[in-house]
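>>> model the structure of this input:
(one chain, ligands or ions: 2)
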Amino acid sequence: MREGGLVAFPTETVYGLGANALDAEAVARIYDAKGRPARNPVIVHVVSVAQAKGLVTEWPDAAEKLAQAFWPGPLTLILKKKPLIPDIVTAGGSTVAIRMPDHPVARALIEAAGAPIAAPSANRSEQLSSTTAEHVLKGLSGRVDLILDGGPTPGGLESTVVDVTTKPPVIRRPGLLSQEDLSEVTPVTAAATVDVGALLSPGTMTRHYAPRIPLIVVSSLSEGLNANYAYLVYGEGFPEESDRMIVLPADSKGYAAGLYHALHRLEESGAEKIIVLCPPSGEGWDAVQDRLKRASA
Ligand code: TXA
Ligand code: MG
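Ligands and ions are numbered 1, 2, ... in the order given. Predicted structure coming up:
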């Protein structure tokens, strides 16, 4: 990383594809490797609040409260950037997204690199995020210098992105921390309903987080299952799991933890399409609902 290389690494959410955030050429390699549009900014990962503060011009009260409560953890804060952050990191914008991950490998890597690490999820643009080193290899083989294999990531879904440059702060991308979690510390507005084309948080555009075969969300399953399809369901009362049938837990945390892993398996099953039984909505389910909406777009 000190020489400008790319290293994929585990975090508590999903695997990241990292480069030195202060090295514009290295960050450009991330965009190349992912096939990521230049208009989509990346998250900068730090190991301390002091390191975060060194990258921004303002540290609002809400940032202090949220960081105290949820860092290290699956929370990304959008703040006003200092000029030392290259434009490519922020897609030319005046704000930067910063997160302190809670994973020993991620923390050790940032410390060893001696610099903040810019890292989007370690997958080709628009495709499923990676929750194992094998997933990273599947999407980015030959495009990354090193993969640190830390086993499956525990959270399984991305961080919650919160813009703290506004009052009250606004959720720009739902993630592992729910609005209810955040609001216990400071009032936070929910993500605006999907605004396609508005580039407030560009990773929230229509098709994203998607498997390579069509994915369809249904509210109930018909009696006979189609042998050409693969199924993702949750809860009790389903046939035994197989290559074409995965049963996720009925609680939102358990479901989130298994979602990408299940979709990776089903996209490789040889099925024509993936049928997903729509999970519940409501408290704790925002991020899962968001990802399924985009995966089916
Ligand atoms: O859990 C995670 O957040 C993972 C791990 C690796 O940290 N990272 C991740 O990065 O999901 P990525 O690039 O796949 O998603 C970053 C999201 C996108 O929706 C992007 O638009 C938004 O954060 N974002 C980044 N910088 C931003 C900024 N300055 N303003 C608004 N949104 C920003
Ligand atoms: Mg991503």
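>>> what parts of the chain come near ligand 1?
With Cβ under 6 Å from any ligand atom as the criterion, the chain comes near ligand 1 at residues 11, 13-14, 16, 40-43, 74, 76, 78, 90, 93, 95-97, 99, 119-121, 158-159, 161, 172-173, 201-204. C-beta coordinates here come from the backbone N, C-alpha and C atoms, glycine included.
>>> how about a cut-off of 5 Å?
Counting by Cβ under 5 Å from any ligand atom, the positions of the chain adjacent to ligand 1 are 11, 13, 16, 41, 43, 78, 90, 95, 97, 119-121, 158-159, 161, 173, 201-203.
>>> element containing Val276?
Mapping Val276 onto the secondary structure by DSSP states H and E places it in strand 273-277.
>>> which helices and strands does the helix or strand following that strand pack with?
Scanning forward in sequence from strand 273-277, with DSSP H and E defining helices and strands, the next element found is helix 286-295. Here helix 286-295 touches strand 215-218, helix 252-267, going by 3 or more Cβ pairs under 8 Å, 6 or more residues apart in numbering; DSSP states H and E.
>>> model confidence over stretch 126-142, on average?
For stretch 126-142, mean pLDDT is 97.
>>> where are the low-confidence patches of the stretch 101-250 of the chain?
By pLDDT under 70, the low-scoring segments of the stretch 101-250 of the chain are 192-205.
>>> where do the strands sit along the stretch 101-250 of the chain?
Taking DSSP state E, counting those that start in this stretch as the test, the strands found in the stretch 101-250 of the chain are 117-118, 146-147, 160-163, 170-173, 215-218, 229-234, 245-248.
>>> would you reformat these as CSV and include mean neighbour count?
Shown next, in CSV, are the strands of the stretch 101-250 of the chain (neighbours: other Cβ atoms under 10 Å):
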stretch, mean neighbour count
strand 117-118, 28
strand 146-147, 16
strand 160-163, 26
strand 170-173, 21
strand 215-218, 15
strand 229-234, 22
strand 245-248, 20
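>>> and the residue nearest to Ser219 when sequence neighbours are not counted, what are its phi and psi?
With sequence-adjacent residues excluded and distances taken as Cβ to Cβ, 6 or more residues apart in numbering, Ser219 is closest to Cys278, at 5.2 Å. Here is the backbone geometry of Cys278 (degrees, to the nearest 10): phi -60, psi 120.
>>> hang on, Cys278 packs against Val218?
Yes - using Cβ atoms under 8 Å, Cys278 makes contact with Val218 at a distance of 6.5 Å.
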